[in-house]
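>>> Take a look and give me a structure for this.
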Amino acid sequence: MSCGFGAVILIFLVINHETEADVEWVKKDLLSEARRLDYEINIGKRDLAAVQQDLEDTLKRIDDERRRRLAMLEDAERKEAELNALQAMTEARVDDLAKLQSDIDTREDEVQRLQELERQQEARAIIEVEGEGDRQYLTGLYMGGNHVLVALDASASMLAESIINVLRRRHMSEERKLASPKWQRALATVSWLTAQIPVESHVQIVTFNTELKSVFENDDWVAAIDANRIDAAIEDLSEKTPENGTNLLILFDHIATMDPLPDNVFLIIDSLPTQSSRAPRKAVVTGQKRFEYFRDAVEELPQGIPINVIMFPMEGDPQASAAYWNLARITQGTYMSPSRDWP
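You can find the predicted model right below:
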């Protein structure tokens with residue numbers, strides 16, 4: 001037993017010694033580890049302080065950048081508002097300049113128009129007549145009106161002043177007919193009248209015998225200032241030869257249908273009508289019948305339109321002058337029977 005107890009004690013001592021050695025070793029190892037950890041903690045605290053300082057600096061820079069960015073945005077908004085205001089002001093000034101330029105252009109156009117009116121008025125105001133000196137005729141005719149109608153009798157009686165000569169010229173060549181002095185006076189009268197019409201007016205020229213024709217296309221009212229168109233129409237009219245009888249009714253019916261109505265009419269004629277709504281049954285129309293045709297035509301004439309009569313008296317028609325004079329009187333127009341050298 002003693003031996004067994006001793007063996008146990010010996011084993012215990014051996015085991016306890018190893019345990020104390022292991023513990024001592026463990027303590028040294030733990031102490032070393034603790035020191036290392038303390039060192040790392042110190043290093044970490046120092047690094048953490050540096051990182052915190054960097055973070056604070058970074059946050060401060062971010063805050064400064066944010067404030068600077070806000071200031072830049074405010075400055076940009078202010079400058080954008082100023083730019084918009086300048087653009088609006090510029091656009092307004094551009095609009096003002098455009099309006100001023102438009103007004104200038106309009107006034108220049110108006111000045112040119114007035115100058116053209118003045119030039120046309122000067123160019124067409126005086127008709128020179130060859131003879132002993134240059135003469136401008138004072139007729140007493142009222143040349144005004146917004147829409148002026150010139151109506152020319154283009155019947156065969158306009159070839160001459162007597163029935164005999166009319167019958168003779170009816171069988172002549174077209175050139176001889178066109179050269180008839182009476183017809184040339186009538187054409188010159190048309191030219192003179194259109195030259196005297198105010199340039200701000202409008203004019204229409206028609207011829208009538210048994211038919212009525214306008215010298216302008218589509219029966220247009222033509223501005224009196226349009227000298228080229230009027231002169232071209234008169235040139236075409238100079239190639240027309242007088243023919244057939246006289247129907248005053250178709251002229252006054254035409255006047256009644258014009259739109260707008262003329263406010264001044266110049267009637268160039270030489271005799272009472274020889275026809276009315278129907279052609280005469282007999283070759284010779286009596287003076288009484290012709291006067292009836294005249295009265296029938298006058299009944300179709302609209303009221304309020306002055307009829308200015310320029311009469312080239314025809315031989316063998318004594319009632320014509322009195323009838324047309326009375327027509328001019330009751331319509332508040334003018335009657336004239338010009339001399340052979342007029343206009």
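
>>> Which residue ranges of the stretch 1-150 of the chain form helices?
In the stretch 1-150 of the chain, the segments counted as helices under DSSP state H, counting those that start in this stretch are 2-125.

>>> what residue ranges in the stretch 201-343 of the chain are flagged as low confidence?
278-283 (pLDDT under 70).

>>> Show me the strands in it, by range?
Ranges of strands in the stretch 201-343 of the chain, per DSSP state E, counting those that start in this stretch, are 202-208, 212-214, 222-223, 264-269, 307-311, 335-336.

>>> right, so of those, which gets closest to Ser162?
For Ser162, the closest of the strands of the stretch 201-343 of the chain is strand 307-311, at 15.7 Å, according to CB to CB. To be clear about C-beta, it is placed using only N, CA and C from the backbone, and glycine gets the same treatment.

>>> and the closest one, how far from the chain's centre?
38 Å (CA atoms, centre = their mean, to the nearest Å).

>>> now that strand and strand 264-269, what's the angle there?
For strand 307-311 against strand 264-269, the angle by axes from the mean of the first three to the mean of the last three CA atoms, to 10 degrees is 20 degrees.

>>> Give me the helices and strands touching strand 307-311, please.
In this structure, strand 307-311 packs against strand 264-269, helix 319-330, strand 335-336, with contacts taken as 3 or more CB pairs under 8 Å, 6 or more residues apart in numbering; DSSP states H and E.

>>> in stretch 62-78, what's buried?
Neighbour counts over stretch 62-78 (16 or more other CB atoms under 10 Å) mark no residue as buried.

>>> Of the strands of the stretch 201-343 of the chain, which is nearest Leu37?
Per CB to CB, nearest to Leu37 of the strands of the stretch 201-343 of the chain: strand 222-223, 114.5 Å.

>>> chain center to that closest one, what's the gap?
17 Å.

>>> what does it contact?
For strand 222-223, the surrounding residues in contact (CB atoms under 8 Å, 6 or more residues apart in numbering) are Val199, Ser201, His202, Val203, Gln204, Phe216, Arg229, Ile230, Ala233.

>>> what's the answer for stretch 210-217, then?
By CB under 8 Å, 6+ apart, stretch 210-217 touches 155, 204-207, 220, 222, 229, 233-234, 236-237, 244-247, 250-251, 254, 275, 279.

>>> if you set the cut-off to 10 Å instead, what comes out?
Contact with stretch 210-217 is made by 149-152, 154-155, 190, 203-207, 219-220, 222, 226, 229-230, 232-237, 240, 243-247, 249-251, 253-255, 274-275, 279, as judged by CB atoms under 10 Å, 6 or more residues apart in numbering.

>>> out of these, which are buried?
By 16+ other CB under 10 Å, those give 149-152, 154-155, 190, 203-207, 222, 226, 229-230, 233-234, 237, 240, 245-247, 249-251, 254-255, 274-275 as buried.

>>> residue contacts, the nearest residue to Gly316 once chain neighbours are set aside?
Spatial nearest neighbour of Gly316, chain neighbours left out: Ile163 (5.4 Å); criterion: CB to CB, 6 or more residues apart in numbering. If you count contacts by CB under 10 Å, 6+ apart, Ile163 has them with Ser157, Met314, Glu315, Gly316, Asp317.

>>> Looks like the fourth one contacts Asn165 (just checking).
No: under the criterion of CB atoms under 10 Å, Gly316 is not in contact with Asn165, lying 11.6 Å apart.

>>> Go through the contacts of strand 222-223 and say which is closest to Ala179.
Nearest member of the contacts of strand 222-223 to Ala179, counting by CB to CB, is Ala233, at 20.5 Å.

>>> what residue is smack in the middle of this structure?
Thr106 (11.8 Å; CA atoms, centre = their mean).

>>> ok, that one to Lys182 distance?
49 Å (CB to CB, to the nearest Å).

>>> cool, and His254?
In this structure, His254 and Lys182 are 24 Å apart, going by CB to CB.

>>> same check, this time on Glu292
26 Å.

>>> With Gln303 instead?
Distance, Gln303 to Lys182, using CB to CB: 32 Å.

>>> Look at Ala151 and give its secondary structure.
Classification of Ala151 using DSSP: H, G, I helix; E, B strand; the rest coil returns strand.

>>> who are the neighbours in contact with Gly44?
Leu37, Val51.

>>> Skipping adjacent residues, who's closest to Leu178 in space?
Thr241 (5.8 Å).
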